[in-house]
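# build me a model:
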Amino acid sequence: MSGTASVSKLRTVGEHIELDIGDDIANSPRYNEDIAPTRASQRTWSRWNVASLWVGMAICVPTYTLGGVLTAYFGLSVSEALWTILVANVVVLIPLTLNAFPGTRYGIPCPVVLRASFGIIGSNVPSLIRAIVACGWFGVQTLFGGIAIHLMLAALFDGWAALGGTGEVLGFFIFWVLNIAVVIRGSESIKHLETLAAPLLLIVAIGLIVWAVPKVSMSELLAVPANRPEGASFVGYFMAALTAMVGFWATLSLNIPDFSRYAKSQRSQIIGQIIGLPLTMFLFSGLGVVLTAASTSLFGETISDPINLIGRIDSPFWVILAMLMIILATISTNTAANIVSPTNSFQNIAPRYINENRGVIITGVIGILLMSWELLKKLGWIESDVSVESLYSNWLLGYSSLLGPIAGIMIVDYFLVKNQQYDLLALYQDDAGYPAWNLAGMSAFLIPVALTVLSFKIDALSWFYTYGWFTGSILGGLIYYFIAGRMPGSRS
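Model (predicted):
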């Protein structure tokens, strides 16, 4: 006698919606256990865990170099650059906290949230755009972590030091394995890593400030003039730089549900993000500016990379200790910011065939491929003038133009179109309420992207790209709101 198929049931636990999985959802091609809604018992992240997540992600090599990027590439003075970083991270808190809401309420990751506004199949378009960017950043951060491992082992073993670029490539793959191992162990592993890393990283940052400040004249540093043309308007340079800095965490403003699905409450995710993000970014990027300036008097040249700067210290003990901290900092950033999101995105393509572990491996392999040119250059097999720093500084504007519309669409859909109400069962089923392709979401995304492409050809539209995240998010949100009620399926 065949048994009766069980039916999934929804229940409210406090402010959370919990889903008891039945056969109807368990057998759906749009479901697997890794992208299933978290149960109430899994939502254990307090405000301090969320804050630690951001401290762990914000203290990293790219953050350290942001001040130099803004002064070198965007024509700002040191003081203008630091204020720009602070303002940008206050601004980016808005989409971060708003897009975290559905993750906290329903316990669902970013690709499942996107099914509501882009369609069950259409959600793969924004998910994969976010995923490829994250894979690129994963490659960049793994490169930095690999260099730190190389310098640490070189301080321990003379034979390793003789390996040169080959040692850095071997360090890359050692670091790659460490990152993959942390994420495969699951969300609790990431939470514990971030909770451990945050206070240690803050101590190291404060120690570096105490060490560097006496070696630099802060008044002279802050008085260094901007390198933009004399008489040029500050506003244009500031807005371009602000857009780039917002773009630095534009990725996380999309996939923040991947983490907020584990938060104890909306209050925990909001307060945790406010505590953890803006001040950490401001202080660590400010530290980068100070230490870069100090490098000139200490070593006779400007060194904007903290790994190479610390590698110049003539003390194996301090080099080894500092590299261990950099390795910890880079793992804490890489695992949370650059592996979790693409892992969920790749699962979203075919949940029955790609589980979390397979998604992690796919992310890691793509990260290697995207950094292959730099690895081959270090091995001496090819020559290239492209620097990693110029690569990711140019990304800041470019990808924010693509991600802005997605952020605007997600916010408008959840708060204004769906009125904070999802059909959770339908998000995991075909033909059960949400369309395969939501034309409202796709249109609201493609129109701003088309304008961005045109802005490369039409000078009159250049501002649309320059202020890409703002123009894209506002226009994408407005278009989605305007047509969502006029296309079938958009309000499901």
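
# Lys191 against Trp45, yeah?
Yes: using C-beta atoms under 8 Å, Lys191 makes contact with Trp45 at a distance of 6.2 Å. All C-beta spots, glycine's among them, are computed from the backbone N, C-alpha and C.

# which of those two has more residues huddled nearby?
A direct count of neighbours by other C-beta atoms under 10 Å for Lys191 and Trp45 places Trp45 higher, at 28 against 20.

# contacting residues around that one?
For Trp45, the contacting residues are 53, 191, 259, 262-264, 268-269, 272, by C-beta atoms under 8 Å, 6 or more residues apart in numbering.

# okay, now the residue nearest to Leu328 when sequence neighbours are not counted: neighbour count?
Closest residue to Leu328 apart from its sequence neighbours, by C-beta to C-beta, 6 or more residues apart in numbering: Ala197 at 5.4 Å. By other C-beta under 10 Å, 23 other residues sit near Ala197.

# likewise the one 10 residues further on?
Neighbour count of Gly207, defined by other C-beta under 10 Å: 12.

# for Leu298, helix, strand, or coil?
helix (DSSP: H, G, I helix; E, B strand; the rest coil).

# quick one: it from Ala263, how far?
As judged by C-beta to C-beta, to the nearest Å, Leu298 and Ala263 stand 43 Å apart.

# between the two, who's got more neighbours?
Neighbours per residue (other C-beta under 10 Å) separate Leu298 from Ala263, with Ala263 holding more: 29 against 16.

# pull the contacting residues for that one.
For Ala263, the contacting residues are 43, 45, 50, 100, 103-104, 269, 272, by C-beta under 8 Å, 6+ apart.

# quick one on the thing from earlier: which residues are in contact with each of Lys191 and Trp45?
Counting by C-beta under 8 Å, 6+ apart, the shared contacts of Lys191 and Trp45 are 53, 262.

# quick one: the lengthiest helix in the chain to chain centroid distance?
In the chain, with assignment by DSSP state H, the single longest helix is helix 124-156. Helix 124-156 sits 12 Å away from the centroid of its parent chain (C-alpha atoms, centre = their mean, to the nearest Å).

# where does Pro229 land on pLDDT?
Pro229 carries a pLDDT value of 82.

# typed the wrong thing, it's Ser46
As predicted, Ser46 sits at a pLDDT of 96.

# try Phe172
On the pLDDT scale, Phe172 is placed at 96.

# find the residue closest to it in space, skipping its chain neighbours.
Spatial nearest neighbour of Phe172, excluding adjacent residues (C-beta to C-beta, 6+ apart): Gly146 at 3.2 Å.

# name all residues that make contact with that neighbour.
Each residue near Gly146 by C-beta under 8 Å, 6+ apart is listed here: 168-176.

# just the buried residues from the residues you listed, in PyMOL please.
The PyMOL command for the buried members of the contacts of Gly146 (criterion: 16 or more other C-beta atoms under 10 Å) is given here:
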select buried, resi 168+169+170+171+172+174+175+176
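
# any weak-confidence spans in the stretch 201-350 of the chain?
Within the stretch 201-350 of the chain, no range satisfies pLDDT under 70.

# ok, now with 90
201-241, 243-251, 283-330, 332-334, 336-337 (pLDDT under 90).

# and the strand or helix carrying Ser219, how far out from the chain middle?
Ser219 belongs to helix 218-222 when assigned by DSSP states H and E. For helix 218-222, the gap between its own C-alpha mean and the chain's C-alpha mean amounts to 32 Å (C-alpha atoms, centre = their mean).

# in the very next helix or strand once past that helix, what's buried?
Following helix 218-222 in sequence order, the next helix or strand is helix 234-248 (DSSP H and E). Residues of helix 234-248 classed as buried by neighbour count (16+ other C-beta under 10 Å): 237-248.
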